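A.B. asks: make a model of this:
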Amino acid sequence: MASFFAAENTRDWNAYAAFLHPQVEWTLNDGSHERKILGKEQYLHEIKSAYANSTTTFHCIETMSDRGRRLIATMLVNDDGERSLDVFVIEDGLIRREWEFLLGRA
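C.D. replies: Just a heads-up that it's a prediction; the model follows:
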């Protein structure tokens, strides 16, 4: 996960894409709306759009995993103090599903 997050922070989209399953599913929840992003191409389009003209980076303050169920949960905080809880399902060494909950500032 550290390499995946580093690629996102440096906007190295080629390295970032290497972590994504071709049929990745990303569910983004901001507390009032939930959006599903399906497939690697749509995922990459959405993440690049989210960072367009932005220098914001984040760091991971906690990681938990359940290797038996291939789950990883992370708590992230960006430069503006905004937090997100992300839960990943890993399949064949790639991110197959992600649920991201935008939690706002602490």
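
A.B. asks: packing partners of the longest helix anywhere in the chain?
C.D. replies: When the chain is parsed with DSSP state H, its longest helix is helix 40-51. With contacts taken as 3 or more CB pairs under 8 Å, 6 or more residues apart in numbering; DSSP states H and E, helix 40-51 sits against helix 13-17, strand 20-29. (Each C-beta comes from the backbone N, C-alpha and C, glycine too.)

A.B. asks: specify the residue positioned farthest from the middle of this protein.
C.D. replies: Within the chain, the residue lying farthest from the chain centre (CA atoms, centre = their mean) is residue 68, at 20.9 Å.

A.B. asks: ok, so what distance separates residue 66 from residue 23?
C.D. replies: To residue 23, residue 66 is 22 Å away according to CB to CB, to the nearest Å.

A.B. asks: now what about the top strand by length along the chain, what contacts it?
C.D. replies: In the chain, taking DSSP state E as the definition, the longest strand is strand 94-105. Applying CB atoms under 8 Å, 6 or more residues apart in numbering, the contact partners of strand 94-105 are 4, 19-21, 23-31, 80-90.

A.B. asks: neighbouring strands - and their directions - for that strand?
C.D. replies: strand 20-29 (parallel), strand 82-91 (antiparallel) (DSSP bridges).

A.B. asks: what comes up buried for the next helix or strand along the chain from the first one?
C.D. replies: Read that as strand 20-29. The first helix or strand that comes after strand 20-29 along the chain, using DSSP states H and E, is strand 34-38. Neighbour counts using 16 or more other CB atoms under 10 Å place residue 37 of strand 34-38 among the buried residues.

A.B. asks: okay, strand 34-38 in CSV with CA atoms only?
C.D. replies: Extracted C-alpha coordinates of strand 34-38, given in CSV (Å, rounded to 0.1, in the frame of the first residue of the first chain):
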residue,chain,number,x,y,z
GLU,A,34,-22.2,7.3,-3.1
ARG,A,35,-20.6,6.8,-6.5
LYS,A,36,-19.3,3.7,-8.1
ILE,A,37,-16.4,3.8,-10.5
LEU,A,38,-16.0,0.6,-12.5
